[in-house]
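*Asks:* sequence and predicted structure are below.
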Amino acid sequence: QKEVEQNSGPLSVPEGAIASLNCTYSDRGSQSFFWYRQYSGKSPELIMSIYSNGDKEDGRFTAQLNKASQYVSLLIRDSQPSDSATYLCAVKNAGNNRKLIWGLGTSLAVNP
Amino acid sequence: SAVISQKPSRDICQRGTSLTIQCQVDSQVTMMFWYRQQPGQSLTLIATANQGSEATYESGFVIDKFPISRPNLTFSTLTVSNMSPEDSSIYLCSVENRRWYGYTFGSGTRLTVV
């Protein structure tokens, strides 16, 4: 069974620190990887996508992918209280049905 | 990215009744996805809807309970039929943005069955 695993948290970091969120996946043929942020009562919002091994940076966010280790992470630099949310890792199935396999999410709290 | 209008945003329904949720997309998309998210949980895919063909349902979800329509490339509906309190959840539609390969979500429908 194809799975995506995340630590549920809560992960608590002080304001200004780096928050590190981790995700592992079981399907070695997976090709696309996404990080979504979800505020309480809101729908998920895409913040990063990554397809190749290595790092991808976008502002304060960096996604890291290691396909050999089946591991994808999200780093949030200079964490702000507004970053407090649940972060969902999603992996696209390697087949043609284009559906995403979702982790359970990691709750992040950034303390002022 | 695509913009999705989902309605209703919330509803309180009597058990045994049905509710139809609508999603309208501002661009043509091949596939639409319907999810359920129970409180404090992650997303569970209900079905994938292609225009012009029957929806593909995930394990544990059946067409009689969750009929889906997909009359064109910009619109879909999900009906929650013969509702029970266990159906209380947030229902979300989603589409894939071909331009940048991300997925966009509607704003969600918060359903409470009493």
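*Replies:* Great, that's in hand. What you see is a predicted model, and the numbers here were worked out from it, not measured in a lab.
*Asks:* leaving out the residues flanking it, which one is nearest to residue B:95?
*Replies:* Leaving aside its chain neighbours, residue B:95 sits nearest to residue B:29 (4.3 Å; criterion: C-beta to C-beta, 6 or more residues apart in numbering or on different chains). For every residue, glycine as well, the C-beta is placed using N, CA and C.
*Asks:* what about the helices in chain B?
*Replies:* With DSSP state H as the definition, chain B shows no helices.
*Asks:* show me where it has strands.
*Replies:* B:4-7, B:10-13, B:19-25, B:31-37, B:44-50, B:56-57, B:68-72, B:75-80, B:89-97, B:102-105, B:109-113 (DSSP state E).
*Asks:* could you point out which of those sits nearest residue A:106?
*Replies:* Within the strands of chain B, the stretch nearest residue A:106 is strand B:31-37; the backing value is 15.7 Å (C-beta to C-beta).
*Asks:* what is the mean pLDDT for that closest one?
*Replies:* Mean pLDDT, strand B:31-37: 95.
*Asks:* give the buried residues for it.
*Replies:* Applying a neighbour-count criterion of 16 or more other C-beta atoms under 10 Å in any protein chain shown, one finds B:31-37 buried in strand B:31-37.
*Asks:* got TSV for the residues you listed, with distance to residue B:69 too?
*Replies:* Shown next, in TSV, are the buried residues of strand B:31-37 (distance: C-beta to C-beta, whole Å):
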residue	distance to residue B:69
B:31	14
B:32	11
B:33	15
B:34	11
B:35	17
B:36	18
B:37	21
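*Asks:* re the thing from before, show me what contacts the residue nearest to residue B:95?
*Replies:* B:2, B:73-74, B:95-96, B:98 (C-beta atoms under 8 Å, 6 or more residues apart in numbering or on different chains).
*Asks:* of those residues, which is the most crowded?
*Replies:* Highest neighbour count within the contacts of residue B:29, by other C-beta atoms under 10 Å in any protein chain shown: residue B:95, with 26 neighbours.
*Asks:* of all the strands of chain B, which lies closest to residue A:8?
*Replies:* strand B:31-37 (15.2 Å).
*Asks:* strand partners (parallel or antiparallel) of that closest one?
*Replies:* Applying DSSP bridges to the sheet, strand B:31-37 is found paired with strand B:44-50 (antiparallel), strand B:89-97 (antiparallel).
*Asks:* let me know which of the ones you listed is tucked in deepest.
*Replies:* Highest mean neighbour count among the strands paired with strand B:31-37 (mean count of other C-beta atoms under 10 Å in any protein chain shown): strand B:89-97, with a mean of 22.
*Asks:* state the mean pLDDT of that one.
*Replies:* On average, strand B:89-97 scores 93.
*Asks:* now stretch A:93-108
*Replies:* Mean pLDDT, computed over stretch A:93-108, is 84.
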